[in-house]
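Colleague: sequence unknown, structure follows:
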DNA sequence: AGCCAGGAGATTT
DNA sequence: AAATCTCATGGC
């Protein structure tokens, strides 16, 4: 019997990167359907250069990640190999020098502890713009648990999957597919009428080329990107900044209205009431340029 | 049962 | 034009 062909790739990580806290982050919710974690290995189905790849990521040595392609029918091309390395670097934000963030966190009352507790954590990105936007919209106004349920229903109805060793792996539904749906098809999986409208409209804009990651990335400042995104129905300041943080990866994105951020600050400072926006802006002065990282690390205090 | 959550759209200032 | 209401919806 033929062995499935595999390709193994090794990636070096900097000293300010650790595999464990990133693994913990990805493992934070059992209902997550976009990857699978078992035995300290992350397995995920991704699309790259037209190929569907099932990749498995583990820590080889202290500063080395090992990436394996499972179950590929044919050996991956050199181009795909390069794209895969890029994908991993981008996904885990490996190339970013976060020493400046750690330096400011050392003297920051809110960040000091969590940056120690989760030392080596990076903002894990959502590379696909459509996925990031959908996840933002799905997550509006509801608790995380229900948001994961909705995402799973959406993915399992409209995504594609591959089964490997009796585990089913999913890719996120494409804009192309969702652009053709009726609202009733999405309200059927418990999305609200409004959210269904937003998601279909966004899928259509992505499919037509009116909205793309490339276009947003070419805009000169975060303010321009935010303005462009909030023109779109369903995207307000919170969603725009969430997407700028998770997909476009600007470290100064700041979803300041985020209830998780508000709760994390309230809890850390033992406040009787939730901090106001002005109070959060005051605290965030010390995070200048690193608001997204500060937010991401503060979210980790909630678990 | 009533509160909560981002955003749109309307209304008021 | 900016601040303030109201609406829709499901989970807890």
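Modeller: Sure thing, it's come through. Being a predicted model, the structure only gives us computed values, none of them experimental. Numbering: from 1, shown residues only, chains lettered A, B, ... in the order given.
Colleague: how about residue A:260: what's its closest non-neighbour residue?
Modeller: In space, and not counting its chain neighbours, residue A:260 is closest to residue A:299: 5.2 Å by C-beta to C-beta, 6 or more residues apart in numbering. Where you see a C-beta, it was placed from the backbone N, CA and C, and this is true even at glycine.
Colleague: and the residue of chain A closest to DNA strand B?
Modeller: Closest residue of chain A to DNA strand B, C-beta to the nearest atom of the strand: residue A:236 (2.3 Å).
Colleague: which residues are in contact with that residue?
Modeller: The contact partners of residue A:236, taken as C-beta atoms under 8 Å, 6 or more residues apart in numbering, are residue A:230.
Colleague: now the strand or helix carrying residue A:264: how far from the chain's centre is it?
Modeller: For residue A:264, the element it lies in under DSSP states H and E is helix A:259-268. Here the centre of helix A:259-268 is set off from its chain's centre by 20 Å, with C-alpha atoms, centre = their mean, to the nearest Å.
Colleague: that helix near DNA strand B at all?
Modeller: Yes - applying C-beta under 7 Å from any atom of the strand, one finds helix A:259-268 touching DNA strand B at A:259-260, A:262.
Colleague: check stretch A:289-296 too.
Modeller: No - on the criterion C-beta under 7 Å from any atom of the strand, stretch A:289-296 is out of touch with DNA strand B, staying 12.6 Å away.
Colleague: buried set for that stretch?
Modeller: Across stretch A:289-296, burial judged by 16 or more other C-beta atoms under 10 Å covers A:290-296.
Colleague: next one: the residue nearest to residue A:44 when sequence neighbours are not counted from residue A:22, what distance?
Modeller: Spatially, and ignoring its direct neighbours in sequence, residue A:44 is nearest to residue A:35 (4.1 Å; C-beta to C-beta, 6+ apart). According to C-beta to C-beta, to the nearest Å, residue A:35 and residue A:22 sit 12 Å apart.
Colleague: and residue A:116, by the same measure?
Modeller: Taking C-beta to C-beta, one finds residue A:116 at 16 Å from residue A:22.
Colleague: residue A:178: neighbouring residues, count only.
Modeller: Residues near residue A:178, counting by other C-beta atoms under 10 Å, number 24.
Colleague: which ones are touching the closest residue to it other than its chain neighbours?
Modeller: Using C-beta to C-beta, 6+ apart and skipping the chain neighbours, the partner closest in space to residue A:178 is residue A:203 (3.8 Å). Residues in contact with residue A:203 (C-beta under 8 Å, 6+ apart) are A:130, A:175-179, A:181.
Colleague: next one: residue A:85
Modeller: Neighbour list for residue A:85: A:9, A:11, A:67 [criterion: C-beta under 8 Å, 6+ apart].
Colleague: which of those sits closest to residue A:226?
Modeller: residue A:11 (32.2 Å; C-beta to C-beta).
Colleague: that older thread, check which helix or strand the residue nearest to residue A:260 maps to.
Modeller: Going by DSSP H and E, residue A:299 is part of helix A:291-299.
Colleague: for that helix, packing partners?
Modeller: Applying 3 or more C-beta pairs under 8 Å, 6 or more residues apart in numbering; DSSP states H and E, we find helix A:291-299 packed against helix A:99-106, helix A:112-117, helix A:237-246, helix A:259-268.
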